[in-house]
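A.B. asks: sequence unavailable; structure follows:
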């Protein structure tokens, strides 16, 4: 298949019949599409009209500087790695606040909504032949839409990068301390988290972030996912190794009280419930579960860059990449939450690895798991950096061809900024909470929906058609999630002085 055929197919199969007749489809408004992402609509139309002429042998790469060489499997690895975030460590805690049945229902709903959101993005990209989130915003709402989309992507992914480096900052010194058999942190430079994140950023993250193509990170993404699979297997294994009640945490004299006929005191009931799985429960902490699960499936800034680099790109093929990735992460999330919850029940903490450390700080398996999680989050940072760099280039250097110097400088500046943020801001959870509560619903629900409503021509789908009504409801749902998340965070500030914090 020629490069021209791949470019045409990626631009939207629904326009093929128009091209064969030599006519321009209504969905292509050449007066509004700009050249800012290197896409010339008139040139594209001319090329697609002449596609079947034998003398056509070469053409500039359309849409981006990339050539669409990434395989289906590597694309799945990259998108799965983009979905997989540090939030997996808090899913067991989320299940303890909802019960097993309610958690499974919410997880299924969020996964399906995320897949539908990606469908809307791909449909928009297919209609106008654009595979950049920012350019979809420009097509829908002009320069203002482009700026808003770019800023939201930048804020969200900087928050995600910072959360990953925070894990490195606080977990890596503990891993080194345990490997060296030290009881306390000696204060040496190699035990300083601030120094360690700089070393990790320079030696591991920066070289990967300097790759020209996101597709090349498929190998590191695959290794990152392997580390998380090891984490999952360890969680499942530990379920059968750790007894409940936990030693030193619950009183064993309360065991079996639910079999007796007498009325238990409130303290006895509480102790007894710690080792009973809740099927369905609703309490004040339950409200935080929906934002946590929504954030856990945010991968939308990476969808269009991965689509751009996909070999033989079509909407159907990219949707299959998204579906496989979401299904894989759904299974991992579900198993991690169930086995983690059934290990600790009501004792599970918001960060599950910390709960394991409370049981046995010297457990070598948990030590290896902590190291695997560190590797996984470290290798995820470059994947998250690519969409930020693309957004910056779209906003500051529109229409510029790829240039290595600019490519490298943006990556260095981004990593420097995130490192400074992690080092000098002692309590960044409040910032993460606000950014997460606004950016995640925007990227999953609001922006794809309103882009779809604005971009898909009314002649093809009227405003009152079922697809556009569904998109409108989807956007409204995003606003509800945003208001809920912000309300919970503000209420948490008022009542406890702490932020609930949202994260990827």
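C.D. replies: Sure, I can see it. What you see is a predicted model, and the numbers here were worked out from it, not measured in a lab. Numbering: from 1, shown residues only.

A.B. asks: so for stretch 380-398, what gets flagged as buried?
C.D. replies: 380-395, 398 (16 or more other C-beta atoms under 10 Å). Using the backbone N, CA and C atoms, a C-beta is placed for each residue, glycine as well.

A.B. asks: let me redo that: stretch 89-103
C.D. replies: Neighbour-count burial for stretch 89-103 flags 89-100, 102-103 (criterion: 16+ other C-beta under 10 Å).

A.B. asks: other residues contacting that stretch?
C.D. replies: 106, 277-283, 285-286, 288-289, 292-293, 296, 333, 336-341, 343-346, 348-353, 373 (C-beta atoms under 8 Å, 6 or more residues apart in numbering).

A.B. asks: narrow the residues you listed to just the buried residues.
C.D. replies: With burial judged by 16+ other C-beta under 10 Å, the buried subset of those is 106, 278, 281, 285-286, 288-289, 292-293, 296, 333, 336-341, 343-346, 348-353, 373.

A.B. asks: now, the residues you listed that are in helices?
C.D. replies: Among those, DSSP state H puts 106, 289, 292-293, 296, 333, 336-341, 343-344, 352-353, 373 in helices.

A.B. asks: can you tell me the element the nearest residue to residue 72 once chain neighbours are set aside falls in?
C.D. replies: In this structure, residue 72 finds its nearest non-sequential neighbour in residue 321, 6.4 Å apart by C-beta to C-beta, 6 or more residues apart in numbering. Assigned by DSSP states H and E, residue 321 falls within helix 315-344.

A.B. asks: what comes up buried for that helix?
C.D. replies: Buried residues in helix 315-344, counted by 16+ other C-beta under 10 Å: 315, 317-319, 321-322, 324-326, 328-330, 332-334, 336-344.

A.B. asks: what does stretch 142-150 give?
C.D. replies: Buried residues in stretch 142-150, counted by 16+ other C-beta under 10 Å: 145-147, 149-150.

A.B. asks: ditto for stretch 302-319
C.D. replies: Going by neighbour count (16+ other C-beta under 10 Å), the buried part of stretch 302-319 is 302-311, 313-315, 317-319.

A.B. asks: got any ranges where this structure has weak pLDDT?
C.D. replies: Residues of the chain that meet the criterion pLDDT under 70 lie in 1-68, 86, 183, 245-274, 284, 287-288, 426-433, 496-504.

A.B. asks: show me the longest helix that occurs in it.
C.D. replies: The chain, longest helix under DSSP H: helix 133-179.

A.B. asks: same for the helix or strand following that helix, what does it pack against?
C.D. replies: Per DSSP H and E, helix 133-179 leads on to helix 193-200 as the next helix or strand towards the C-terminus. Using 3 or more C-beta pairs under 8 Å, 6 or more residues apart in numbering; DSSP states H and E, the elements in contact with helix 193-200 are helix 133-179, helix 404-424.

A.B. asks: the buried residues of stretch 302-319: which two are farthest apart?
C.D. replies: Longest distance between any two of these is 18.3 Å, between 302 and 314; criterion C-beta to C-beta.

A.B. asks: in what helix or strand does residue 77 lie?
C.D. replies: helix 72-83.

A.B. asks: what is the burial count for the residue nearest to residue 455 when sequence neighbours are not counted?
C.D. replies: The shortest distance from residue 455 to any residue other than its chain neighbours is 4.7 Å, reached at residue 124 (C-beta to C-beta, 6+ apart). Neighbourhood size, residue 124 [other C-beta atoms under 10 Å]: 25.

A.B. asks: next, the angle helix 133-179 makes with the helix or strand harbouring residue 124.
C.D. replies: If you go by DSSP H and E, residue 124 is part of helix 100-128. Calculated by axes from the mean of the first three to the mean of the last three C-alpha atoms, to 10 degrees, helix 100-128 forms an angle of 140 degrees with helix 133-179.

A.B. asks: residue 475 is nearest to which of the helices and strands packed on helix 193-200?
C.D. replies: helix 133-179 (12.3 Å).
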